[in-house]
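K.L.:
What follows is a predicted protein model with its sequence.
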Amino acid sequence: MGIVLPKEIEEMAARRASETGFASVADYIARLVVFDAGEAADAELEVQLLEGLEGPDEEIDIEAMREEGRALIGAQRDGA
């Protein structure tokens, strides 16, 4: 994939890549994309946690959750 950046941003990216020890601008930009994706996932998790805290109280059957987890792990082990 090729990306064309405005010259000013390309120079900035090259400078930051060099300053931070990346082998290339492409490696630097790839890391930025990965970091951004992680930030987005963290933000979504925070939203879901807050929704859970604000949601209705309900009893949780821990043993049923464990059994469900064991079943899923067993199915993955068996190749299902």
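P.N.:
Yep, that arrived. Numbering: from 1, shown residues only.
K.L.:
Buried residues of the host helix or strand of residue 38, list them for me.
P.N.:
Per DSSP states H and E: residue 38 is located in helix 25-54. Within helix 25-54, the residues scored as buried using 16 or more other C-beta atoms under 10 Å are 25, 28-29. Heads up, the C-betas are built off the backbone N, CA and C, glycines and all.
K.L.:
nearest to residue 52, of those?
P.N.:
residue 29 (34.9 Å; C-beta to C-beta).
K.L.:
For the nearest residue to residue 29 once chain neighbours are set aside, pull up the helix or strand it's in.
P.N.:
The shortest distance from residue 29 to any non-neighbouring residue, by C-beta to C-beta, 6 or more residues apart in numbering, is to residue 13 (6.4 Å). Using DSSP H and E, residue 13 sits in helix 7-19.
K.L.:
Give me the contacts around that helix.
P.N.:
Helix 7-19 has contacts (C-beta atoms under 8 Å, 6 or more residues apart in numbering) with 5, 24-25, 27-29.
K.L.:
from the residues you listed, which two are the most distant?
P.N.:
Distance extremes for the contacts of helix 7-19: the farthest pair is 5 and 27 at 14.9 Å, using C-beta to C-beta.
K.L.:
between the helix holding residue 13 and helix 25-54, how many degrees?
P.N.:
90 degrees (axes from the mean of the first three to the mean of the last three C-alpha atoms, to 10 degrees).
K.L.:
How far does helix 7-19 sit from its chain's centre?
P.N.:
The chain centroid and the centroid of helix 7-19 are separated by 25 Å, computed with C-alpha atoms, centre = their mean, to the nearest Å.
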